[in-house]
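K.L.:
whatever this is, show me its structure:
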Amino acid sequence: MKEELFLLAEKVSKEMRRRGASEVMVLPTQNESLMVRFSNNKVTVVQSWSVISIDMLSIFGKKRLISRFENIGENALAESIERVIKESSFVQESEELAPLPTSVKFKDRRTTQKIDANRINDYVSLAINSATREGAERVSGVFTGSIVRDAIIGSNGAEGYDERASFDLNVRTFTGDNSGQGLSCATMMSQLTPEEAGREAGFIVRMAKNPAKWSEGKYSVLLGPIIGAELIGHVGDSCSAFNVEAGTSCLTGKIGKEVLSKELTIADDGSSKDGLSSRSFDDEGTPTRKTVLMEKGTLKSYLHNVNTAKRFKTFSTGNAGWIAPSAWNLVIDHGKLSFEESLKELKNGIYMVSNWYTRFQNYSTGDFSTICRDGTFLVEDGELKGSLKGVRISDNLLKIFRSIKCMGKDRRWVRWWEVRTPTFLPAMVLPEVSLTKAQES
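P.N.:
Residues are numbered from 1 along each chain as shown. The predicted structure follows:
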């Protein structure tokens, strides 16, 4: 596949240079995936695909164009290139463009992982059986195995080939109107824990059978890794220099300031061998790396490509994104407490498993709300006492993470449709979180 992707990249790059482009960056990608959906305790859909696409950055003097080709047939590719050339006449010139960075030839990175349909089916069965043993009546979810193969050819000297595998299992359980969730994510199938994911989802839905009453107000909260990853992801988004410039970051102007709890250290690591989205190079041919964003609550860095770095008078962090730099994998330092010890530390409050529908009332200040789903429990004297319905966090992103009381010691990777950026984190205890009731609850 490397040779096929390189031939495509070289062909496109050569033609663009012939047609007048001063700089060209071409990234062809093959995505090979198998998705297994299951519902009501049995597999319902199996879908596989292998797609090759090409992303291209072309620069004509002071004009910059970004294109994507999903039909790579010879005639279709020629037509797409012709359309890019024509559209370049409509693009305005910009005095702020930074030149592409001088790049290198990257060492190939390959994976030994395979997408094994039989093994995936076995893992799905293990998750379903584990969940029903815990008390779930119905089990649904999705298992996706992917191998992404990326190549890069650039007029700046960039040349590289990168393969990465990822496996995501998401399990949802149901008993009556109650639901639970468990998941397992890894870069190797052998590292997945399907029985634990099913057992967790089954335990949550079993515990949800015991409803408890509650009132709106401020509560101490134990955030499980699933909901914690979704909320931390918005902190990562706020670290993008693009969002800082666009006015949609609550971290604007806060470099060097203590903005979150001293308990919280966050890094983006695109070079991690365990990161589900890791890659050797970014879209501009800059090597990926580990960038500390928050160190004991102090904002240390934004995420940059070469253009935002030029405007901020700094250097690219290897997070391009030709338009917006973004995180590869967020990694959060752990604390000292087990889950049981975290419950004891919480003592009286609410344990939250997952959330949907996060909405910001004000991106620049961090005011938001989100609905808790698939397991929300009242905790009394460090023990789960009953499930709660219609719980909504209505608070401020910086405020809740500024008040972290303690962190768990057991970290896990989280990625699913509500968490776009893979995140490696533990549970965490937050005091004084504002909770309101969702409509009709």
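
K.L.:
put the alpha carbons of the longest strand anywhere in the chain into PDB.
P.N.:
Secondary structure of the chain read by DSSP state E shows that its longest strand is strand 42-60. In PDB, the C-alpha atoms belonging to strand 42-60 read as follows (Å, rounded to 0.1, in the frame of the first residue of the first chain):
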ATOM      1  CA  LYS A  42     -27.200 -10.200  18.900                       C
ATOM      2  CA  VAL A  43     -25.100  -9.000  15.900                       C
ATOM      3  CA  THR A  44     -27.300  -7.000  13.500                       C
ATOM      4  CA  VAL A  45     -25.000  -5.300  11.000                       C
ATOM      5  CA  VAL A  46     -21.500  -6.100   9.700                       C
ATOM      6  CA  GLN A  47     -20.000  -3.600   7.400                       C
ATOM      7  CA  SER A  48     -16.500  -3.300   6.000                       C
ATOM      8  CA  TRP A  49     -14.800  -0.700   3.800                       C
ATOM      9  CA  SER A  50     -11.500   0.300   2.300                       C
ATOM     10  CA  VAL A  51     -11.400   3.900   1.100                       C
ATOM     11  CA  ILE A  52      -8.500   5.800  -0.400                       C
ATOM     12  CA  SER A  53      -8.700   9.600  -0.400                       C
ATOM     13  CA  ILE A  54      -6.200  12.500  -1.000                       C
ATOM     14  CA  ASP A  55      -5.900  15.700   1.000                       C
ATOM     15  CA  MET A  56      -3.900  18.500  -0.700                       C
ATOM     16  CA  LEU A  57      -2.500  21.900   0.200                       C
ATOM     17  CA  SER A  58      -1.400  23.900  -2.800                       C
ATOM     18  CA  ILE A  59       0.100  27.400  -2.700                       C
ATOM     19  CA  PHE A  60       0.200  29.800  -5.600                       C
END
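
K.L.:
what is the subsequent helix or strand relative to that strand?
P.N.:
Proceeding N to C from strand 42-60, the next assigned helix or strand is strand 63-69, under DSSP states H and E.

K.L.:
and that next one, how far out from the chain middle?
P.N.:
Centre-to-centre, strand 63-69 and its host chain are 25 Å apart (C-alpha atoms, centre = their mean, to the nearest Å).

K.L.:
return the residues in contact with T365.
P.N.:
Residues near T365 by C-beta atoms under 8 Å, 6 or more residues apart in numbering: 250, 396. The way it works is simple: take the backbone N, C-alpha and C, and place the C-beta from them, glycine included.

K.L.:
are we agreed that it is in a strand?
P.N.:
No - judged by DSSP: H, G, I helix; E, B strand; the rest coil, T365 forms no part of a strand; its state is coil.

K.L.:
and it, how close does it get to T248?
P.N.:
Using C-beta to C-beta, to the nearest Å, one gets 11 Å for the distance from T365 to T248.

K.L.:
over to L435?
P.N.:
25 Å.

K.L.:
who's more crowded, the two?
P.N.:
L435 (22 against 16; other C-beta atoms under 10 Å).

K.L.:
can I assume that one is in contact with G390?
P.N.:
No - L435 is not in contact with G390 according to C-beta atoms under 8 Å; the separation is 9.9 Å.

K.L.:
list the buried residues for stretch 350-358?
P.N.:
350-355, 358 (16 or more other C-beta atoms under 10 Å).

K.L.:
doesn't I400 lie inside a helix?
P.N.:
Yes - applying three-state DSSP, one finds I400 inside a helix.

K.L.:
distance of it from P225?
P.N.:
Distance from I400 to P225, by C-beta to C-beta: 16 Å.

K.L.:
kindly report the same for G176.
P.N.:
26 Å.

K.L.:
quick one: contacts of stretch 372-382?
P.N.:
By C-beta under 8 Å, 6+ apart, stretch 372-382 touches 172, 179-181, 201, 204-205, 207-208, 212, 214, 222, 224, 227, 340, 343-356, 384-389, 391-393.

K.L.:
flag every buried residue along that stretch.
P.N.:
Within stretch 372-382, the residues that qualify as buried are 372-379, counting by 16+ other C-beta under 10 Å.

K.L.:
for stretch 425-440, same thing?
P.N.:
425-430, 433-435.

K.L.:
same check on stretch 118-126?
P.N.:
120, 123-126.

K.L.:
need the max-distance pair from these.
P.N.:
I120 and L126 (10.7 Å; C-beta to C-beta).

K.L.:
quick one, which of I400 and P225 is more surrounded?
P.N.:
Ranked by neighbour count (other C-beta under 10 Å), I400 and P225 place P225 first, with 26 against 23.

K.L.:
check contacts around the more buried one.
P.N.:
P225 neighbours (C-beta under 8 Å, 6+ apart): 411-412, 414, 425-427.

K.L.:
rerun that using 7 Å as the cut-off
P.N.:
412, 414, 425-427 (C-beta atoms under 7 Å, 6 or more residues apart in numbering).

K.L.:
take the residues you listed and keep only those in strands.
P.N.:
Per DSSP E, these map to strands at 412, 414, 425.

K.L.:
quick one: contacts for the first one?
P.N.:
Going back to what we said before, that points to R412. R412 sits in contact with P225, where contact means C-beta under 7 Å, 6+ apart.

K.L.:
show me the helices in the chain, by range?
P.N.:
All helices of the chain, identified by DSSP state H, fall at 2-18, 74-87, 117-133, 194-207, 225-238, 241-246, 306-312, 339-346, 397-402.

K.L.:
just the C-alphas of the last one, formatted as PDB.
P.N.:
Listed in PDB are the C-alpha atoms of helix 397-402, where the atom choice follows Å, rounded to 0.1, in the frame of the first residue of the first chain:
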ATOM      1  CA  LEU A 397     -15.600  24.600  32.400                       C
ATOM      2  CA  LEU A 398     -12.700  26.400  34.100                       C
ATOM      3  CA  LYS A 399     -14.500  26.600  37.400                       C
ATOM      4  CA  ILE A 400     -15.200  22.900  37.700                       C
ATOM      5  CA  PHE A 401     -11.700  21.800  36.700                       C
ATOM      6  CA  ARG A 402     -10.100  24.500  38.900                       C
END
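
K.L.:
what's it packed up against?
P.N.:
Packing contacts for helix 397-402, counted by 3 or more C-beta pairs under 7 Å, 6 or more residues apart in numbering; DSSP states H and E, involve helix 225-238.
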